[in-house]
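Visitor: next come a sequence and a model predicted from it.
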Amino acid sequence: MAQLITVRTDYNALSRKLQASVKRYPRAAAAGINRAADRAYTFSVRALQADIGTSSQKTIRKNLSVWHATADKPEAKLIAFSSKQDRIPIFEMRPRPRAVTKRRPQGGVRYGPNQTLIPGSFVARMPSGHVGVFKRISQARNPIVELKGPSVALVFAHRKIQAKLSAFLQETVPREIERAFRFMTG
């Protein structure tokens, strides 16, 4: 499932000179839109990281992508992908305790900005060297599963994140387009 954010610029708010320049210099418009899209990508990664409380941006960056604008199609897209395998591991969400121990912590592992408790969970290192937060799913042959948090697309779709990103883009897009026109037109 992919979440798509659409931000439309109110061209009436832009100056008439800028409107005429978009039609006259489509490559400059595309360059400005692409620069704004790249800045929005960085802004969203940081906003998602702050909201979730992750220590790493790796999973977030893996699940966000930018489709750039061209001179023929002056439209950029910021897309958040989601699948069950690409959910954020609990170990990236600053669990307590973080160290691998032989004994399971009393009560379980806490994670995230609110220090949410997962009863019966523990931090372990697999024979492959992978470290994660695990939990036993049954007593038969002692199988364990790695615990994962929310998907990037689910957090990206929150109204709080969308409102921050929309406000950021409303401020950034006109400024970046104007900057690209100044650069490309001399």
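Guide: That came in fine, so what should we check first?

Visitor: the closest residue to residue 168 other than its chain neighbours: what's it in contact with?
Guide: For residue 168, the nearest residue in space outside its immediate sequence neighbours is residue 43; the separation is 5.2 Å by CB to CB, 6 or more residues apart in numbering. C-beta coordinates here come from the backbone N, C-alpha and C atoms, glycine included. Contact analysis of residue 43 by CB atoms under 8 Å, 6 or more residues apart in numbering lists 164-165, 168.

Visitor: can you tell me the helix or strand for residue 43?
Guide: Residue 43 is located in helix 26-52, with elements delineated by DSSP states H and E.

Visitor: state the mean pLDDT of that helix.
Guide: Averaged over helix 26-52, pLDDT sits at 90.

Visitor: what's near enough to touch the most centrally placed residue in the chain?
Guide: Computing the C-alpha centroid of the chain and ranking residues by CA atoms, centre = their mean puts residue 45 first, at 4.0 Å. The neighbours of residue 45, taking CB under 8 Å, 6+ apart as the test, are 57, 60-61, 64.

Visitor: report the buried members of the residues you listed.
Guide: Among the contacts of residue 45, those classed as buried by 16 or more other CB atoms under 10 Å are 60, 64.

Visitor: tally of neighbours for residue 53?
Guide: Here the number of neighbours of residue 53 (other CB atoms under 10 Å) works out to 17.

Visitor: can you pull the pLDDT of the closest residue to it other than its chain neighbours?
Guide: Closest residue to residue 53 apart from its sequence neighbours, by CB to CB, 6+ apart: residue 113 at 3.8 Å. At residue 113, the predicted lDDT confidence score is 76.

Visitor: pretty sure residue 113 is touching residue 55, no?
Guide: No. If you go by CB atoms under 8 Å, residue 113 and residue 55 don't touch, sitting 11.4 Å apart.

Visitor: picking up where we left off before, identify the farthest-apart pair in the contacts of residue 45.
Guide: Maximum pairwise distance among the contacts of residue 45 (CB to CB): 9.7 Å, between 57 and 64.

Visitor: tell me the contacts of residue 105?
Guide: Going by CB under 8 Å, 6+ apart, residue 105 touches 97, 122-123.

Visitor: who wins on neighbours among these?
Guide: Compared across the contacts of residue 105, residue 122 has the highest neighbour count, 22 neighbours, by other CB under 10 Å.

Visitor: got a pLDDT number for the nearest residue to it once chain neighbours are set aside?
Guide: Leaving out its chain neighbours, the residue that sits closest to residue 122 by CB to CB, 6+ apart is residue 104, at 4.2 Å. Looking at residue 104, its pLDDT stands at 75.

Visitor: re the thing from before, give the rounded mean pLDDT of whichever helix or strand comes after the helix holding residue 43.
Guide: Scanning forward in sequence from helix 26-52, with DSSP H and E defining helices and strands, the next element found is helix 58-62. If you average the pLDDT over helix 58-62, you get 85.
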